[in-house]
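A.B. asks: Below: sequence and its predicted model.
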Amino acid sequence: LRALVERALLQPATATYRYTLAAILSSILLSIVALTLETVHPFHEDNLSVFEAVDHILLVIFTVEYLCNIWVAPDRRGYMFGVWGLIDLVSIAPSFLALFAGDIQTNTLLGGVQIGFFRELRILRVLRLVSAVPTLRRVVGGLIGSMPGIGAIAFLLTLVYYCFAVMATTLFGPDFPDWF
């Protein structure tokens, strides 16, 4: 069973991986469509049981995928505390909070926080697209890797802005005291 799960989640060259990726991407897209349709209020209220069933099915799919990723990860701790594992966890945690820690009569969580807030955090499942699609992972990895360079550029632009602000204040301040 472990070898099958490894093929499905870790070996992009296999057909099992492609089928799993297609199933996960389809689940993410279904989640996006369901969340979008929930904003159409007459339709949402009329089909509330369908929306709840879809939400629970998607939660099971995303949870099983997350747990399987932990199970077959070469570095379990690295996955769980890495960017991709945290994105996967953040996408399912709000649903579990609303499901298990909520009081249905008062529609609140323990401590009085409204459940609706945590249910709305399901939109974070869209972030799973980034963790599920390898090309998006490379783009995000490149962006994160370039942060020091982006910071240096921001600092340089701040210096240039500062120089021109001082020059403008010195040159035009006496003539336009209301602006400077």
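C.D. replies: Sure, I can see it.

A.B. asks: make it CA atoms for all contacts and neighbour counts henceforth
C.D. replies: OK.

A.B. asks: Can you show me the helices along the protein?
C.D. replies: Counting by DSSP state H, the chain has helices at residues 2-10, 15-37, 41-46, 48-72, 76-81, 83-100, 115-120, 128-132, 134-145, 147-172.

A.B. asks: Mind checking those for the one nearest to residue 178?
C.D. replies: helix 147-172 (10.6 Å; C-alpha to C-alpha).

A.B. asks: Now do the closest one: distance to the chain's middle.
C.D. replies: Centroid separation for helix 147-172 versus its chain: 33 Å, with C-alpha atoms, centre = their mean, to the nearest Å.

A.B. asks: how far away is residue 146 from residue 28?
C.D. replies: Residue 146 sits 28 Å away from residue 28, going by C-alpha to C-alpha, to the nearest Å.

A.B. asks: Correction: the previous question concerned residue 165.
C.D. replies: Taken as C-alpha to C-alpha, the span from residue 165 to residue 28 is 48 Å.

A.B. asks: And these two? Which one has more around it.
C.D. replies: Applying other C-alpha atoms under 10 Å to residue 165 and residue 28 shows that residue 28 carries more neighbours, namely 21 against 13.

A.B. asks: middle-most residue in this protein, spatially?
C.D. replies: By C-alpha atoms, centre = their mean, the mean C-alpha position of the chain lies nearest to residue 127, the distance being 2.9 Å.

A.B. asks: Not counting residues beside it along the chain, what's closest to that one?
C.D. replies: Leaving aside its sequence neighbours, residue 127 sits nearest to residue 87 (C-alpha to C-alpha, 6 or more residues apart in numbering; 6.6 Å).

A.B. asks: can you pull the contacts of the one you found?
C.D. replies: 127, 128, 131 (C-alpha atoms under 8 Å, 6 or more residues apart in numbering).

A.B. asks: related to what we said a few turns ago, can you flag the weakest of the helices of the chain by average pLDDT?
C.D. replies: Comparing mean pLDDT across the helices of the chain, the lowest value falls on helix 115-120: a mean of 65.
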